[in-house]
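> Here is the input, now give the coordinates:
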Amino acid sequence: MNDDNTTRTALQARRERLVLDHFADETRQDFDAVLGTFPHPHYELVPSGEVHDGIAEVRQYYIDTRRAFPDQRHEIIKLRHADDSVIVEFWLLGTHKGPLKGLPPTGNSFRCRMNAFFIFEGDRLVCERVYFDTLTMLRQLLVGVPAEHVGALVGGLLGQPAASRAAAETAAA
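Purely as a prediction, here's the structure:
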């Protein structure tokens, strides 16, 4: 093995360790440790177009999603390396026990296959970019919700505040 391969392998090993620690810290809900894996936290959710930038925004994202899914956890399927990233294919699982962007808790569980790209500059994590099928998750979360409420609830999840408020009020009634 030449020096370039040794260096690359060592860099991949450091990146992989950081990503695995990041996943473990998320599951333990140790948000200080998760945030510590980034020099400047930056989190992108591709399906919704959400970008959380900086410690305060990323921390609030973690707080909000764990309020909605207190048992949220991951099952890693495969981890791969690219020149500037570690790509993780995983199952995300959880039970909807708290509000999520205007969607009242349904008590339903979900299991959704996802991909996260952990983008690096050298050995510094600069971005976590997550891809998933929103419909897969929604179909599981909305089981049992009356059909007349689904449109407004989905509107709320898509960032339509009036629909979100109306849906929450109707569902709570």
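> gap between residue 139 and residue 67?
22 Å (CB to CB, to the nearest Å). Backbone N, C-alpha and C define where each C-beta goes, glycine included.
> Quick check: buried residues in stretch 69-82?
69, 72, 74, 79 (16 or more other CB atoms under 10 Å).
> Secondary structure added to these, as TSV?
Below are these laid out as TSV (DSSP: H, G, I helix; E, B strand; the rest coil):
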residue	secondary structure
69	coil
72	coil
74	strand
79	strand
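> What is the nearest of those residues to residue 105?
residue 69 (9.6 Å; CB to CB).
> surely the closest one meets residue 99?
No: counting by CB atoms under 8 Å, residue 69 stays clear of residue 99, with 10.9 Å between them.
> The longest strand along the chain pairs with which strands, parallel or anti?
Secondary structure of the chain per DSSP state E: the longest strand is strand 109-121. Taking DSSP bridges as the criterion, strand 109-121 forms sheet pairs with strand 85-95 (antiparallel), strand 124-132 (antiparallel).
> The helix or strand where residue 140 lies: which residues count as buried?
In this structure, residue 140 sits in helix 134-141 according to DSSP states H and E. Under the neighbour-count criterion of 16+ other CB under 10 Å, helix 134-141 has 137, 138, 141 buried.
> next one: stretch 103-119
103-106, 108, 110, 112, 114-119.
> okay, the residues you listed in JSON lines with distance to residue 25 next?
Converted to JSON lines, these look like this (distance: CB to CB, whole Å):
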{"residue": "103", "distance to residue 25": "26"}
{"residue": "104", "distance to residue 25": "29"}
{"residue": "105", "distance to residue 25": "25"}
{"residue": "106", "distance to residue 25": "27"}
{"residue": "108", "distance to residue 25": "26"}
{"residue": "110", "distance to residue 25": "21"}
{"residue": "112", "distance to residue 25": "20"}
{"residue": "114", "distance to residue 25": "17"}
{"residue": "115", "distance to residue 25": "19"}
{"residue": "116", "distance to residue 25": "14"}
{"residue": "117", "distance to residue 25": "18"}
{"residue": "118", "distance to residue 25": "13"}
{"residue": "119", "distance to residue 25": "18"}
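> Including distance to residue 15 and pLDDT, could those residues go into a markdown table?
What follows is those, written out as a markdown table (distance: CB to CB, whole Å; pLDDT from 0 to 100):
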| residue | distance to residue 15 | pLDDT |
| --- | --- | --- |
| 103 | 35 | 83 |
| 104 | 39 | 86 |
| 105 | 36 | 92 |
| 106 | 37 | 92 |
| 108 | 35 | 95 |
| 110 | 29 | 97 |
| 112 | 25 | 98 |
| 114 | 19 | 98 |
| 115 | 16 | 99 |
| 116 | 13 | 99 |
| 117 | 12 | 99 |
| 118 | 7 | 99 |
| 119 | 10 | 99 |
